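J.: Dropping the sequence and predicted coords here.
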Amino acid sequence: MLETLCDTVQPGEGLNGMNIRDAVEGDLPAIVGIYNATIPYQTVTADLEPVTVESRLVWFHAHTPEKRPLWVLEAEGKVVAWLGFQSFYGRPAYEKTAELSIYVDSNYRQKGIGRMLVQRAIAHSPGYGIKTLLGFIFAENLPSLRLFEQLGFQRWGYLPRVAEVGNKERDLVIMGLRLSSG
């Protein structure tokens, strides 16, 4: 029987009863809203214009609770963060590698939510058959780089000026964590 993730976690500072669970399609508007709110920062995502719920349906359905989950974190009765596992490079030889994407509502940042989600991703990855985790982070996104480094990720790659956001070229850092030597 397939079990989906649904954990009640201890409340963080100023947060009541947080819950991490597998996302359902009804969560997609909140997921898209959190994502779109990062676009103006120009250091978090390579999207230049807001995405729509409809444009993210295929992406949403590519996530499966048993192999490439998409989790949401609820606090105070609403979705305030999400983390997704995505297949890397789309070829069978990379099946045991996944890219993490994590986004937290601006009102809930610096409360340990991102750390909690990435730690949970690291802990659950072996159960999904994942041996290697990756994060693709703009070099200017220092909070994300620090978070991944503090959780054991190392800089595995640096791609200078590969993205153009606004009028500025951005460098991309590839962060990696090997979970198993097997």
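T.: Good, I have the coordinates. Numbering: from 1, shown residues only.

J.: Name the nearest residue to residue 71, sequence neighbours excluded.
T.: residue 83 (5.0 Å; CB to CB, 6 or more residues apart in numbering). To be clear about C-beta, it is placed using only N, CA and C from the backbone, and glycine gets the same treatment.

J.: name the element the one you found belongs to?
T.: In this structure, residue 83 sits in strand 78-87 according to DSSP states H and E.

J.: Could you list the residues in contact with that strand?
T.: Outside of strand 78-87, the residues within contact range by CB atoms under 8 Å, 6 or more residues apart in numbering are 23, 27, 30-31, 34, 62-63, 68-74, 94-95, 97-105, 107-108, 113-114, 117-118, 120-121, 125, 128, 130.

J.: Also stretch 92-99?
T.: 68, 85-89, 125, 128-136.

J.: ok, of these, which one's closest to residue 152?
T.: Residue 152 lies nearest to residue 133 out of the contacts of stretch 92-99, by CB to CB, at 9.6 Å.

J.: if I've got this straight, residue 103 is in a strand?
T.: Yes: per DSSP: H, G, I helix; E, B strand; the rest coil, residue 103 lies within a strand segment.
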